[in-house]
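In: Turn this into a structure:
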Amino acid sequence: MTLQNLWLGIIGAAVLVTSVWVFQATRFDETGIASWYGPGFNGNLTANGEVYDMYEVSAAHKSLPFGSIVRVTDLETGESLVVRINDRGPFVDGRIIDLSYGAARLIGLSGETPRHNGRGITKVGIKVLVKGDGYYVKRPE
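Out: A predicted model of the protein is given here:
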């Protein structure tokens, strides 16, 4: 087997896995509006006790256990990404998930691209891949 054939095999496997994920992501656990948060919260503690880093990929959800892994699919563009729930929110009516700035950039929601006309919100579907254990970081006393 040549290196080129091995590389093509890896690419083919990635395409196969991607098509499986797309198929699974068409059945969502929740749909609604996603937004993002960042500058005013960077460096603060999240609801699970971690230090919020707006450049990392994470998200806030009102009720999913901390540590849950969810696929967020933009229903306007079809783009998706996987995030870990480590905070609570959003606290705006009609919104179901707040993405970190890093996650928003990856899915094209941060307003730095022409998608979504710089609104910073979009309709999404959420699929829970792994339900978290609710773990939180013990805060210093």
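
In: Need the nearest residue in space to the residue positioned nearest the centre of the chain, chain neighbours excluded.
Out: For the chain, the residue nearest the mean C-alpha position is V83 (3.5 Å; C-alpha atoms, centre = their mean). Closest residue to V83 apart from its sequence neighbours, by C-beta to C-beta, 6 or more residues apart in numbering: A59 at 4.2 Å. Every C-beta, even on glycine, is put in place using the N, C-alpha and C of the backbone.

In: Can you name the residues that contact the one you found?
Out: For A59, the contacting residues are V70, V72, V83, R84, I85, N86, D87, I97, D98, L99, S100, A103, by C-beta atoms under 8 Å, 6 or more residues apart in numbering.

In: A60 and D87 touch, don't they?
Out: Yes - counting by C-beta atoms under 8 Å, A60 does reach D87; the two are 3.7 Å apart.

In: Mind listing the shared neighbours of those two?
Out: T46, A47, D98.

In: can you pull the pLDDT of the second one?
Out: Meaning A47. In this model, A47 is scored at 94, pLDDT.

In: so how far is T31 from the residue lying closest to P90 once chain neighbours are set aside?
Out: Distance criterion C-beta to C-beta, 6+ apart; nearest residue to P90, sequence neighbours excluded, is D98 at 4.1 Å. Applying C-beta to C-beta, to the nearest Å, the value for D98 to T31 is 16 Å.
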